[in-house]
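Asks: For reference, the sequence and a predicted model appear below.
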Amino acid sequence: DVKVTQSSRYLVKRTGEKVFLECVQDMDHENMFWYRQDPGLGLRLIYFSYDVKMKEKGDIPEGYSVSREKKERFSLILESASTNQTSMYLCASSAEGQGGPYEQYFGPGTRLTVT
Amino acid sequence: GIQVEQSPPDLILQEGANSTLRCNFSDSVNNLQWFHQNPWGQLINLFYIPSGTKQNGRLSATTVATERYSLLYISSSQTTDSGVYFCAGGLTGGGNKLTFGTGTQLKVEL
């Protein structure tokens, strides 16, 4: 079974702090994704990575950065946390290559509160 | 980008009832998934269904790619079916990104 793990289920940080959210997958997937989920808005893509050290902006990258130094690990960084970044953060991974399937598999999520 | 519209936004069922959830796409997709988000926030994969029909127990899904919609059928609903159902679609290649709908909140009552 695919397993995607996230470093914390719940996190409380203060405004201005630097925040690291970690995601690890064990299926040798090429693609990894960070989403945030807010009530009524569904999941929105922040950043994704299609290879080690490669990254692309998603739909809402402002205020975030990412790091992918190893294939299995994808980190989301909030350089200076703000209250409007209080949200549920979800990490996912998927395979690449011909033929598919290209299912995304999700971690359990991190509920971040910025006070 | 692709727009994803889900309906209905909310649904309340009596246990044992059947339901159909719909997902419309503004453009063609060849990468489509249905998920169930449980009360603890975990997204569970239900179907990977870019086209055709699949069944898994009481759940089934149909995607008509040429008409840009997908349907999720829940039969003989149970209280454990409660939660939010998301569909998501996109195009393969370039990272296989998905665009999510805003979900259908389902509550199944005894």
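Replies: Looks like it came in fine.
Asks: contacts and neighbour counts: CA atoms only from here.
Replies: Noted.
Asks: list the contacts for the residue in chain A that chain B sits nearest to?
Replies: Here chain A gets closest to chain B at one residue, A:Gly42, 4.1 Å apart by Cα to the nearest Cα. By Cα atoms under 8 Å, 6 or more residues apart in numbering or on different chains, the contact set of A:Gly42 is B:86, B:100-103.
Asks: Tell me what the nearest residue to B:Leu32 once chain neighbours are set aside is bridged to.
Replies: Spatial nearest neighbour of B:Leu32, chain neighbours left out: B:Gly89 (4.3 Å); criterion: Cα to Cα, 6 or more residues apart in numbering or on different chains. Beta-bridge partners of B:Gly89, counted by DSSP bridges, are B:Leu32, B:Thr99.
Asks: Do you know the pLDDT at the residue of chain A most remote from its centre?
Replies: Note on chain A: the largest C-alpha distance from the chain mean falls to A:Gly99, namely 25.3 Å (Cα atoms, centre = their mean). Looking at A:Gly99, its pLDDT is 70.
Asks: cool, and B:Gln42?
Replies: Predicted confidence (pLDDT) for B:Gln42: 92.
Asks: wait, it sits on A:Phe106?
Replies: Yes - under the criterion of Cα atoms under 8 Å, B:Gln42 makes contact with A:Phe106 at 7.5 Å.
Asks: The two: which is more packed in?
Replies: Legend: neighbour count by other Cα atoms under 10 Å in any protein chain shown for B:Gln42 and A:Phe106, higher for A:Phe106 (26 against 15).
Asks: separation between the residue nearest to B:Leu32 and A:Gly109?
Replies: 21 Å (Cα to Cα, to the nearest Å).
Asks: give me every residue that touches the residue nearest to A:Thr86 when sequence neighbours are not counted.
Replies: Spatially, and ignoring its direct neighbours in sequence, A:Thr86 is nearest to A:Thr113 (4.6 Å; Cα to Cα, 6+ apart). Residues near A:Thr113 by Cα under 8 Å, 6+ apart: A:11-13, A:83, A:85-87.
Asks: before we move on, what about A:Gly40?
Replies: A:Gly40 is in contact with B:Thr102, counting by Cα under 8 Å, 6+ apart.
Asks: what's the answer for A:Tyr10, then?
Replies: Counted by Cα under 8 Å, 6+ apart, A:Tyr10 has contacts A:110-112.
Asks: Which of those residues fall within strands?
Replies: Residues from the contacts of A:Tyr10 lying in strands, with DSSP state E as the criterion: A:110-112.
Asks: B:Gly89 and A:Gly109: who's more crowded?
Replies: B:Gly89 (29 against 26).
Asks: The more buried one against B:Phe35, yeah?
Replies: No - in this structure B:Gly89 lies outside contact range of B:Phe35 using Cα under 8 Å: 11.4 Å.
Asks: what bits of chain A have low per-residue confidence?
Replies: A:2, A:98, A:100 (pLDDT under 70).
Asks: Centroid-nearest residue for it?
Replies: Geometric middle of chain A (Cα atoms, centre = their mean) lands on A:Trp34, at 2.5 Å.
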